[in-house]
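Chemist: could you work out the structure for the sequence below:
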Amino acid sequence: DSNLGKIYSSTPTARALSTILSLVLSLSLTSRAPSSTRQQSVLAMSTEKKDKKPCAVFVLGGPGTGKGTQCAKVVAEFGFIHLSAGDLLRAERNREGSKVGALINSIIKEGKLVPSDITTGLLRDAIEKNIKDGKRYFLVDGFPRSIGNLDSWESILSQVVDTATTLNFVCEEKTMIERLLARAKTSGRADDNEETIKKRLATFHKETAPVLKILKASNSYEEIDASKTPDEVYAVVKKVIQRVMKEH
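Modeler: Numbers count the residues shown, from 1 in each chain. Just a heads-up that it's a prediction; the model follows:
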């Protein structure tokens, strides 16, 4: 029998069949390898993404520079969570049973800044709630507006989220005032009146300008011309957001 096997395996037909089987096996293994490699690559990317902390983009600029308009566009296209410090404060002011509602209301009417621990606490609660829901990207609109805000963020929230970049919207003060007075006709906001607007601008120059200098020096920072049309401004914003999502 062994002799017959040797004779059979040495025939041309047997050698041809053996060669064909070897080629088929080789092709099969080769075709599966890229798929396995792709799966490993996707898994690695997914794990890397999960290991990274959620990230926040600071959205700053004087009142009336269009921060809210641009945030709405980013939310619509990229699904970021928009957290407006002003909106959170107004909601807390109107919340039944709030211990700080009256204080917030009086400060906002004066165009001043609410104490950092109050604003940061509201932001922390909102961010942690959204992280539990699986959200990773946040627009933090109108914060930090003072050195105290920035210090509070660093001590309370820097362990929870990374600060990816700062968007600073700039335009002439005259343009800001014109936009705010136009908004006042429909906004119903207590701080949308000429007297409070001037106070808000003074507060911005006094409190927020030093923060912007620090952020510009220590972090990714984008200064954006907000005097252009909303679509023109968004074309610039969009590129920054795409970069942030790629890096984070």
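Chemist: tell me which helix or strand in the chain has the weakest average pLDDT.
Modeler: Scoring the helices and strands of the chain by mean pLDDT, DSSP states H and E places helix 2-9 at the bottom, with a mean of 45.
Chemist: next one: the closest residue to residue 192 other than its chain neighbours from residue 212, what distance?
Modeler: Nearest residue to residue 192, sequence neighbours excluded (C-beta to C-beta, 6 or more residues apart in numbering): residue 184, at 3.7 Å. C-beta here means a position set from N, CA and C on the backbone, and glycine is covered the same way. According to C-beta to C-beta, to the nearest Å, residue 184 and residue 212 sit 26 Å apart.
Chemist: neighbour count for these two, which is higher?
Modeler: residue 212 (20 against 16; other C-beta atoms under 10 Å).
Chemist: could you check how far that one is from residue 82?
Modeler: Applying C-beta to C-beta to residue 212 and residue 82 gives a distance of 21 Å.
Chemist: so where's the longest strand in the protein?
Modeler: Ranked by residue count under DSSP state E, the longest strand found in the chain is strand 162-170.
Chemist: which parts of this protein are helices?
Modeler: For the chain, the helices defined by DSSP state H occupy 2-9, 12-51, 67-78, 85-94, 101-109, 116-132, 147-156, 173-187, 194-203, 209-218, 230-247.
Chemist: could you give the mean pLDDT of the fifth one?
Modeler: In this model, helix 101-109 has a mean pLDDT of 89.
Chemist: who does it touch, helix- and strand-wise?
Modeler: Judged by 3 or more C-beta pairs under 8 Å, 6 or more residues apart in numbering; DSSP states H and E, helix 101-109 is in contact with helix 85-94.
Chemist: can you list the low-confidence ranges for the chain?
Modeler: Across the chain, the ranges flagged by pLDDT under 70 are 1-51, 219.
Chemist: buried sites along stretch 130-145?
Modeler: 130, 131, 136, 137, 138, 139, 140, 141, 142, 143, 144, 145 (16 or more other C-beta atoms under 10 Å).
Chemist: how far does that stretch sit from its chain's centre?
Modeler: 7 Å (C-alpha atoms, centre = their mean, to the nearest Å).
Chemist: wait, what's in contact with residue 240?
Modeler: Contact partners of residue 240, counting by C-beta atoms under 8 Å, 6 or more residues apart in numbering, are 57, 165, 167, 222.
Chemist: now with 7 Å?
Modeler: Residues in contact with residue 240 (C-beta atoms under 7 Å, 6 or more residues apart in numbering) are 165, 167, 222.
Chemist: swap in residue 137?
Modeler: For residue 137, the contacting residues are 54, 55, 80, 81, 245, by C-beta under 7 Å, 6+ apart.
Chemist: among these, which ones are buried?
Modeler: Buried members of the contacts of residue 137, counted by 16+ other C-beta under 10 Å: 54, 55, 80, 81.
Chemist: am I right that the residue nearest to residue 192 is in contact with residue 193?
Modeler: Yes - using C-beta atoms under 7 Å, residue 184 is in contact with residue 193, at 6.3 Å.
Chemist: what is the burial count for residue 127?
Modeler: So residue 127, with other C-beta under 10 Å, has 20 neighbours.
Chemist: would you mind measuring from it to residue 145?
Modeler: According to C-beta to C-beta, residue 127 stands 17 Å off from residue 145.
Chemist: cool, residue 182 as well?
Modeler: Separation of residue 182 from residue 145 (C-beta to C-beta): 23 Å.
Chemist: okay then, goodbye and thanks.
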